[in-house]
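**Q** let's see this in three dimensions:
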Amino acid sequence: QVQLAESGGGLVQAGDSLRLSCSFSGRTLSRYVMGWFRQAPGKEREFVAAVTWNGGSAYYADSVKGRFTISRDNAKNMVSLRMNSLKPEDTAVYYCAANNYYTDRRQNYDYWGQGTQVTVSS
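**A** Coordinates of the predicted model:
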């Protein structure tokens, strides 16, 4: 049974940093692309970042490029999202997701976590 569980969300001020973590288990997710998506109130879920199974390649949405860093540790079954210089527009529920190939389309991801709330105050 595949399970993804996010943690690390919270309330921060603009300019602060936050680190989200996602623990995964089941199947061979260590061979999957792991991604982060986010969904703000009233908006569609959007791609944030993804990392290939071995951490060799990382992909970012333009809105977070240079501020967010995705990484993974397959030995610990963990993927992380380091978020720096947070802005109020980063406020959203952040979801961890897994897929067996890279894509930025949420419809193609097979497995999802329950999400963790990130709120950035101005």
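
**Q** next one: phi and psi at the residue nearest to residue 2 when sequence neighbours are not counted?
**A** With sequence-adjacent residues excluded and distances taken as C-beta to C-beta, 6 or more residues apart in numbering, residue 2 is closest to residue 26, at 3.8 Å. C-beta coordinates here come from the backbone N, C-alpha and C atoms, glycine included. Note on residue 26: its backbone torsions stand at phi 100, psi 160 [degrees, to the nearest 10].

**Q** wait, residue 26 sits on residue 32?
**A** No: between residue 26 and residue 32 there is no contact under C-beta atoms under 8 Å: 10.4 Å.

**Q** more neighbours: which of those two?
**A** residue 32 (23 against 12; other C-beta atoms under 10 Å).

**Q** just to revisit the earlier point, what sits against the residue nearest to residue 2?
**A** Counting by C-beta atoms under 8 Å, 6 or more residues apart in numbering, residue 26 touches 1, 2, 3.

**Q** so which of those residues belong to strands?
**A** residue 3 (DSSP state E).

**Q** report the lowest-confidence entry in the contacts of residue 26.
**A** Lowest in pLDDT among these is residue 1, which has 82.

**Q** the residue nearest to that one when sequence neighbours are not counted and residue 20, how far apart?
**A** Among residues not flanking residue 1 along the chain, residue 26 sits closest, at 5.2 Å (C-beta to C-beta, 6+ apart). Residue 26 sits 20 Å away from residue 20, going by C-beta to C-beta, to the nearest Å.

**Q** measure the nearest residue to residue 100 once chain neighbours are set aside to residue 19 for me?
**A** Distances taken as C-beta to C-beta, 6+ apart put residue 32 closest to residue 100, at 5.4 Å, once the chain neighbours are dropped. Distance of residue 32 to residue 19, given as C-beta to C-beta: 21 Å.
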